[in-house]
Structure formats: C-alpha cells, structure tokens
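J.: Mind folding the following:
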Amino acid sequence: MNYDILLQGFHWDSPDVRKSDGTPRWYQIIEENTDRIKQSEFTLVWFPPPSDSVNKHGYEPRELNKLDSEYGSEVELKAAIAKLLPVKAITDIVINHRSGSSSDSDFQNPFWRPEDVIVFGDEGSGRESMNTDTGSAANFSRDLDHTSSVASNGIKDWMNSLKSRVGFVGWRYDFVKGYAPWANALYNSETLPEFSVGEFFDSDVQAIINWIDGTHPNPAFRSTAFDFPLRDALYQAIVWRNYHWLKYIDKAPGVIGLWSDKAVTFLENHDTEDVRGSQYISWFPGGDQMLQGYAYLLTHPGIPSVFWRDIYDSNRYFEDSINDLIQIRKEYGIHSESKLYIALAECGNVYSAYIQGDKGELAIKIGSGPWQPWGSKWNNPVQQLLRSGGDFAVWGDRGRFW
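T.: Sure thing, here's the model as predicted:
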C-alpha cells in the first residue's frame, strides 16, 4: 500500500515564466513555494524534464547531461530539490526519443552514433540500426532503439546521475506507448526508483494494466500508471451528472477498480492542458466542479495527484479546500488500497461511498441529491461533517466498519 500524494510541480506555461531580465526561473518559483508545498503535506513533487531540449517544454531532449533548460539552471534545480526536503522529487524522463545538437541525429553529451541507437525505418534519419521500433513512433524526433546496449546503458547512466548528481528519487516516464514495457523494467531494475509512474495515455483499462504488468517481473517493483479512464469517468459524472459512470459492477471505474495500488489518479496535468478542448480530451472545469473531483480523488484509493494550477494558481479558497482534503486523507489513514464501498451511483442525482482508512472511516457525497451516511454511528452526521462545498460533502468517523 502507498500513502503518497503527488504534486505536479509545473504546467504547460512554466517555461515562459521568467524574471524581468529574461532568466528562466521556474525552479526558483518552486523553491519560493516550498513552505506552501510542505504545509500542503505533499510527499512527492513531479519536476519537468531536466535536460537541454530542442523545444522549451523539454520533451525533445538534446544534450541529456546538460541540466540547464528553459525551467532554470542546474544550480537552481538542485536548490529547489534541497529546499523541498523532506518532500521528495521525481522527474520527467523522456527516453522514447532524442534530438541531435546540430542535426536530427547529431547526438552529443552523451555521444551516440545514430547507427547504434536509432530504430530502423525512423522517418528522420538516414543512419539507423537494424532493429525496428518496439512501440509507436514519434515523428518529431528520433526514436531510440532500447535493444541497443549503447542506448540502454547511456540512458541508465544518465538516470542514475540524476539521482546522485541532483537528488531525484524517481521517475515519471513520458510517452511509454513509444517503446515496449520491458525497457521500463530494465530501467527500474538498474536505477531502483522509490516511485515511478508511466504516461500510458489511453482509455482502455486493460491496456494500462498490461503495461504495468510489463514494467517489472516483481509486482512490488512495477511502475504505477496515470488513471486516464478514471479521469474520463469523473468528467462524465461531474460535468454531465452521469454519476453511474463512477461504478463498474461493484467497483470503481478505471485502474483503481482493478489495481488501485498502481493507479495514479488525477483531474488535470500538462498533457490534458496542452490538448484540452481537442478531440482527445476535454478541459475539466474549475470552481466547485474541480473541488468535487478532488474530493473524490483525495478520499478514494489510488495515489492522488494534484495539478499545480489547481492549488497554487487558483485562489486561497481552493488552496485551503484542497489542503483540507489532503489533511483529511492523512488523518484518516486513507491509502492506495483502502477499501471502498459504493453506496449510490445514480445518473443525474448523487454519488456516495464509504472508504476505510487505517485510522477511521470516511463517507462522501458528490451531487445535488440528498444523502447522508447511514448507521448508528452516523446518527448526528452534522457533527461528523469534515468538509463541504458546492455539491460535495465529506464525513468522518474514527471507528471501523466491515
């Protein structure tokens, strides 16, 4: 079981946040907000890709060992991570593809010959290996051959240097559909992250479960995955009041319904922010509907993730509300494998559930319909009310149930 609460410590516009003199400063913003992050009681902060990159967001890495980027300098990065302690830092790992320094395949720092590390048939290189890609292609950069010892050893060494040189303890693997999950198993085995999560951007629960299974032979060391199917269900339930989407037979929808210990739950992140309103994904509304979503995530099993903009770029009411929900989760000992009993999941009316933590029981209601927790210990639920807002309420009891 896992008690972590993850903060995505950046957003899509973070590379554009600068000082008046033009110096990149996002790492400095993280450092300036470390007291707020600690007061929120996050246990992990997810940093953006740390390496020099062709694009400002870091997702077309160029010189892997150069840790000066649009987010700030290596010095500023180390300072932010050090000041966050005891909160731990993980970083975005982009290993499906790489861009060259002066041409598409001029790999420097570390140096790799294209014919040793680029998959056969890559659309942008005339020099490549004889091994085909093990996943989906990235046509904006050169796809790496993870069967090559040159590539895999170089990636392993770079990742281990991010631990020893900078202080990262784990990974958020980018675009894991781009290569076979055995590569993640290799890098998990070689770098021993305290926590790792993959971006398998898909609505198919079983496909995500299959990817998790492939990330290490030992279940205890497998990566977690972002629960995109649950995010879809929450959107349907909260935006359209289709609360029946939050119950699949007798379980929660998404990855948390099948393997909650490996599900990282979320409402928004930089990916959904980048493509919001497109054919791929819809924007999750702010305001009361955002808080309804976080009331669900922070009281339910899984490993909840909070988006920087939702908590620190909103206003004091929303920051305090999310902080209260985090505190409730911790006080009642809710964890990734907490037992969930869904009481109601009615279309257009209400969703309600009971969740058992190590230190007590929570009850939650989302929706406009009337509902209160039932049973002798809930005889005066007003006294047990822990937090409420627009169309949501959370109650608590220090006893046990089931």
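J.: where exactly do the helices run in the stretch 251-400 of the chain?
T.: 256-259, 270-275, 287-297, 308-312, 316-331, 381-384 (DSSP state H, counting those that start in this stretch).
J.: now for those, which one comes closest to Lys156?
T.: Closest of these to Lys156 is helix 270-275, at 25.5 Å (criterion: CB to CB). Bear in mind the C-beta positions are built from the backbone N, C-alpha and C, glycine included.
J.: same question for the closest one, mean pLDDT?
T.: The pLDDT scores in helix 270-275 average 74.
J.: all strands of the stretch 51-200 of the chain, in order?
T.: With DSSP state E, counting those that start in this stretch as the criterion, the stretch 51-200 of the chain has strands at 88-93, 97-98, 142-143, 170-173, 195-198.
J.: Any chance of JSON lines for these, columns mean pLDDT, mean neighbour count and distance to Val394?
T.: As requested, those are exported to JSON lines (pLDDT from 0 to 100; neighbours: other CB atoms under 10 Å; distance: least, CB to CB, whole Å):
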{"stretch": "strand 88-93", "mean pLDDT": "98", "mean neighbour count": "23", "distance to Val394": "27"}
{"stretch": "strand 97-98", "mean pLDDT": "96", "mean neighbour count": "26", "distance to Val394": "43"}
{"stretch": "strand 142-143", "mean pLDDT": "94", "mean neighbour count": "27", "distance to Val394": "46"}
{"stretch": "strand 170-173", "mean pLDDT": "98", "mean neighbour count": "26", "distance to Val394": "29"}
{"stretch": "strand 195-198", "mean pLDDT": "98", "mean neighbour count": "24", "distance to Val394": "26"}
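J.: Nearest to Trp12 among those would be which one?
T.: Taking those one by one with CB to CB, strand 88-93 is closest: 12.7 Å.
J.: Out of the helices of the stretch 251-400 of the chain, name the one with the poorest average pLDDT.
T.: helix 381-384 (a mean of 68).
J.: in stretch 137-146, what's buried?
T.: For stretch 137-146, burial by neighbour count (16 or more other CB atoms under 10 Å) applies to 137-138, 141-146.
J.: Quick check: end-to-end length of it?
T.: Stretch 137-146 has an end-to-end distance of 13 Å (CA to CA, to the nearest Å).
J.: about what we covered before: can you put the buried residues of stretch 137-146 in CSV and add distance to His216?
T.: Formatted as CSV, the buried residues of stretch 137-146 follow (distance: CB to CB, whole Å):
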residue, distance to His216
Ala137, 25
Ala138, 24
Ser141, 27
Arg142, 27
Asp143, 23
Leu144, 20
Asp145, 21
His146, 15
